[in-house]
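Student: turn this into a structure:
(chains A and B)
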Amino acid sequence: MRLPCPYCGLRDSHEFSYLGDAAPQRPDPAAADAAEAFHDYVYLRDNPAGTLRELWYHGAGCRRWVIVERDTRTHAIAGATFAAGERP
Amino acid sequence: MSRYSVFSLLANALTGQTRWQPAWRDAAPKPRYDVIIVGGGGHGLATAYYLAKEHGIRNVAVLEKGYIGSGNAGRNTTIIRSNYLLPGNEPFYEWSMKLWEGLEQDLNYNAMVSQRGVLNLYHSDAQRDAYARRGNAMRLSGADSELLDEAGVRAHAPFLNFDNARFPIKGGLLQRRGGTARHDAVVWGYARAADQLGVDIVQNCEVTGFLRENGAVVGVETTRGPIHAGKVGLAVAGSTSRLTRLLDLRMPIESHVLTAFVSEGLKPLVPGVVTFGMGHFYISQSDKGGLVFGGDIDGYNSYAQRGNLPVVEDVCEAGMALMPQIGRLRMLRSWGGIMDMSMDGSPIIDVGPLPGLYLNCGWNYGGFKATPASGWCFAWTLAKDAPHALNAAYRLDRFRTGHIIDEKGVGPQPNLH
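Tutor: Numbers count the residues shown, from 1 in each chain, chains lettered A, B, ... in the order given. This next block holds a predicted model:
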């Protein structure tokens, strides 16, 4: 499998480290429902059989975090963007 | 249906092997059951068998979307062992080991359980200490363990590469009661035994939805029509999230692919199972002679029942470090299974989270060895609406309460377990 790094181009997946689903966002620890929100954030996943937006770190390349959109059934890749622009 | 024995063998030999009967009925689904088990793998069939045998609940159906044993039950490396460390795990896996030891007599089926030992190699002082601790924890739970030094390993497995300068073999933790079993025979044995007790095994019947009443689960929608049930148990491994999504439930599970490999057949070489301590690699030899081996999962979410090439390379590198002589073997086949990787690396056998629903999932890549105890404990949980002491720690809400069972200590990162 090769991933289209927005900076380096099409590169072997060997060069990347995987984090997982890009959807979970760190909740506000001061919020009233923080315990429940952190349980969701840390442990619960949609785990779709289909399109997944996921975080990869290009450690052996540009060393940037990349969000790759991939089909988990076929590994067909729809696209990739830098994570920095998308996440607060 | 007849019992298998030396007499049935002889009788059938004399009649030209023409009078064997199918080992289980090809049941059509009835409109209603007391219990429906979704998933006709080892765990699902074992659950149905123990429900009927231990709890007298015989109006049970096992629903399988393909043919039984076509999922992870047919896609593993057939290793059985109980060499865990943590209190939540070790008594459960040791109970599984004990059930393996009596399985064939219990089921009247040859599951080819072969207790030729599981040897975990250590390569450093720190690793020896960790294995000594694990071996002691195993003994505390009634399992057997032996800490071998280098001479002990040389006596047990003289073919290993002891001259490896980078990863010298210093010894190993040996569980002599561990070994392998024939994966298909386990599925077929449980299916036959459950069928004889009245369980309906319904194949080519995919669950497409759930029947709900006042929030409770009261049955399933399938490709062969709706089926009502008093209780619905899920034992669907890597497809767990796909089914719970239909109930708007999110699970502490990611699905990952794990690849296993088999080489061409050769004369007896590897006794039992040997695992490499400086990389993830485990190898055994099948009764047919092929070396069966595997390593890590691919490391990213996957529902494809096939792995990618980087893991092939990684596994073969570890194998070559351990046994350079296998470099001249040809690989015959590889196969991938979809693992339900949980957030702490340990399984879930629990009541709920909805009324009428019961969960058996999160087996990571350790599900095969757990088959008997998983079925036994899940049957108990279904029958009594409460977990047995052996699976009391495998609660779904342990992630909320913080009582996680992280055997490897890597945190909530499923691709690292």
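Student: and for residue 12, the neighbour number?
Tutor: Since no chain was named, I'll use chain A. Look at A:Asp12: counted by other C-beta atoms under 10 Å in any protein chain shown, it has 13 neighbours. Yep, even glycine has a C-beta here, placed from its N, CA and C like the rest.
Student: I was after chain B.
Tutor: Counted with other C-beta under 10 Å, residues neighbouring B:Asn12 total 15.
Student: that one: helix or strand, and which one exactly?
Tutor: Here B:Asn12, judged by DSSP states H and E, is contained in helix B:6-14.
Student: tell me the strands beside the following helix or strand past that helix, with direction?
Tutor: Beyond helix B:6-14 in the direction of the C-terminus, DSSP H and E gives the next helix or strand as strand B:32-38. Neighbouring strands of strand B:32-38 in its sheet, by DSSP bridges, are strand B:60-63 (parallel), strand B:227-234 (parallel).
Student: tell me how far B:Met278 lies from B:Pro355.
Tutor: According to C-beta to C-beta, to the nearest Å, B:Met278 and B:Pro355 sit 48 Å apart.
Student: who has more neighbours, these two?
Tutor: The neighbour comparison of B:Met278 against B:Pro355 (other C-beta under 10 Å) goes to B:Met278, with 18 against 14.
Student: the more buried one reaches B:Phe167, doesn't it?
Tutor: Yes - between B:Met278 and B:Phe167 a contact is recorded at 4.1 Å, counting by C-beta atoms under 8 Å.
Student: still on that earlier bit, name the helices or strands packed onto the helix holding B:Asn12?
Tutor: Of the remaining helices and strands, none touches helix B:6-14 by 3 or more C-beta pairs under 8 Å, 6 or more residues apart in numbering or on different chains; DSSP states H and E.
Student: so how far is that helix off the chain centroid?
Tutor: 33 Å (C-alpha atoms, centre = their mean, to the nearest Å).
Student: what does that helix contact?
Tutor: Outside helix B:6-14, the residues that touch it by C-beta atoms under 8 Å, 6 or more residues apart in numbering or on different chains are B:Ser2, B:Thr18, B:Arg19, B:Trp20.
Student: which stretches of the chain have low pLDDT?
Tutor: Let's take chain A. For chain A, the stretches with pLDDT under 70 are A:86-88.
Student: could you do chain B instead?
Tutor: Ranges of chain B meeting pLDDT under 70: B:1.
Student: contacts only, for B:Ala111.
Tutor: Contacts for B:Ala111 (C-beta under 8 Å, 6+ apart) come out as B:Leu103, B:Glu104, B:Ala181, B:Arg182, B:Ala185, B:Val186, B:Gly189.
Student: on the three-state scheme, the nearest residue to the fifth one once chain neighbours are set aside is what?
Tutor: In other words, B:Ala185. Closest residue in space to B:Ala185, ignoring its immediate chain neighbours: B:Ala111 at 4.6 Å, by C-beta to C-beta, 6 or more residues apart in numbering or on different chains. Classification of B:Ala111 using DSSP: H, G, I helix; E, B strand; the rest coil returns coil.
Student: returning to that earlier point: overlap in contacts, B:Met278 and B:Phe167.
Tutor: Counting by C-beta under 8 Å, 6+ apart, the residues touching both B:Met278 and B:Phe167 are B:His123, B:Ala321.
Student: on that earlier part again, let's see which of the contacts of B:Ala111 end up in strands.
Tutor: Using DSSP state E, no member of the contacts of B:Ala111 sits in strands.
Student: mind putting those in CSV, distance to A:Ile77 and neighbour count included?
Tutor: As requested, the contacts of B:Ala111 are exported to CSV (distance: C-beta to C-beta, whole Å; neighbours: other C-beta atoms under 10 Å in any protein chain shown):
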residue, distance to A:Ile77, neighbour count
B:Leu103, 45, 24
B:Glu104, 48, 17
B:Ala181, 39, 24
B:Arg182, 39, 18
B:Ala185, 40, 19
B:Val186, 38, 29
B:Gly189, 43, 27
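Student: quick check, nearest of those residues to chain A?
Tutor: B:Val186 (26.7 Å; C-beta to the nearest C-beta).
Student: pretty sure the closest one contacts B:Gly74?
Tutor: No - in terms of C-beta under 8 Å, B:Val186 does not count as a neighbour of B:Gly74; the distance is 10.1 Å.
Student: burial count for B:Ala318?
Tutor: Using other C-beta under 10 Å, B:Ala318 is surrounded by 22 other residues.
Student: which residues sit in contact with it?
Tutor: Contacts of B:Ala318 (C-beta under 8 Å, 6+ apart): B:Phe276, B:Met278, B:Gly279, B:His280, B:Phe281, B:Gly295.
Student: what's the spacing between the last one and B:Thr275?
Tutor: Taking C-beta to C-beta as the criterion, B:Gly295 is separated from B:Thr275 by 10 Å.
Student: mutual contacts of those two, please.
Tutor: Common contacts of B:Gly295 and B:Thr275 (C-beta under 8 Å, 6+ apart): B:Phe281, B:Tyr282.
Student: and residue 61, what is it in contact with?
Tutor: Going with chain A. A:Cys5, A:Tyr7, A:Cys8, A:Arg11, A:Glu15, A:Phe16.
Student: correction: the question concerned chain B.
Tutor: B:27, B:29-30, B:33, B:35-37, B:199-202, B:227, B:229.
Student: and what of A:Asp71?
Tutor: A:Asp71 neighbours (C-beta under 8 Å, 6+ apart): A:Gly50, A:Thr51, A:Leu52, A:Ile77, A:Ala78.
Student: bridging residues for A:Ile77?
Tutor: Bridge pairing for A:Ile77 - DSSP bridges - gives A:Arg70.
Student: which residues touch it?
Tutor: A:Leu3, A:Pro4, A:Val68, A:Glu69, A:Arg70, A:Asp71.
Student: check those residues and tell me the two furthest apart.
Tutor: Farthest-apart pair in these is A:Pro4 and A:Asp71; separation 14.2 Å (C-beta to C-beta).
Student: so the closest residue to chain B within chain A: helix, strand or coil?
Tutor: Going by C-beta to the nearest C-beta, chain B is nearest to A:Asn47 of chain A, at 3.7 Å. With three-state DSSP as the basis, A:Asn47 sits in coil.
Student: gap between the most centrally placed residue in chain A and A:Leu3?
Tutor: Taking C-alpha atoms, centre = their mean as the criterion, A:Leu55 is the residue nearest the geometric centre of chain A, at 1.9 Å. Distance, A:Leu55 to A:Leu3, by C-beta to C-beta: 12 Å.
Student: who touches both of those two?
Tutor: Shared contacts of A:Leu55 and A:Leu3, counting by C-beta under 8 Å, 6+ apart, come down to A:Val66.
Student: residues near the residue of chain A closest to chain B, how many?
Tutor: Close neighbours of A:Asn47, defined as other C-beta under 10 Å, add up to 27.
Student: any idea how far it is from B:Asp314?
Tutor: 24 Å.
Student: again with B:Glu64
Tutor: From B:Glu64 over to B:Asp314 the distance is 33 Å, taken as C-beta to C-beta.
Student: check B:Leu246 too.
Tutor: According to C-beta to C-beta, B:Leu246 and B:Asp314 sit 36 Å apart.
Student: between those two, which has more neighbouring residues?
Tutor: The residue with more neighbours, out of B:Leu246 and B:Asp314, is B:Asp314; 18 against 13, by other C-beta under 10 Å.
Student: in what helix or strand does the residue of the stretch 1-150 of chain B found nearest chain A lie?
Tutor: Using C-beta to the nearest C-beta, the single residue of the stretch 1-150 of chain B nearest to chain A is B:Lys65, 13.1 Å away. Under the criterion DSSP H and E, no helix or strand holds B:Lys65.
Student: can you give me the distance of the nearest residue to it once chain neighbours are set aside to B:Gly39?
Tutor: The shortest distance from B:Lys65 to any non-neighbouring residue, by C-beta to C-beta, 6+ apart, is to B:Glu206 (3.6 Å). As judged by C-beta to C-beta, B:Glu206 and B:Gly39 stand 11 Å apart.
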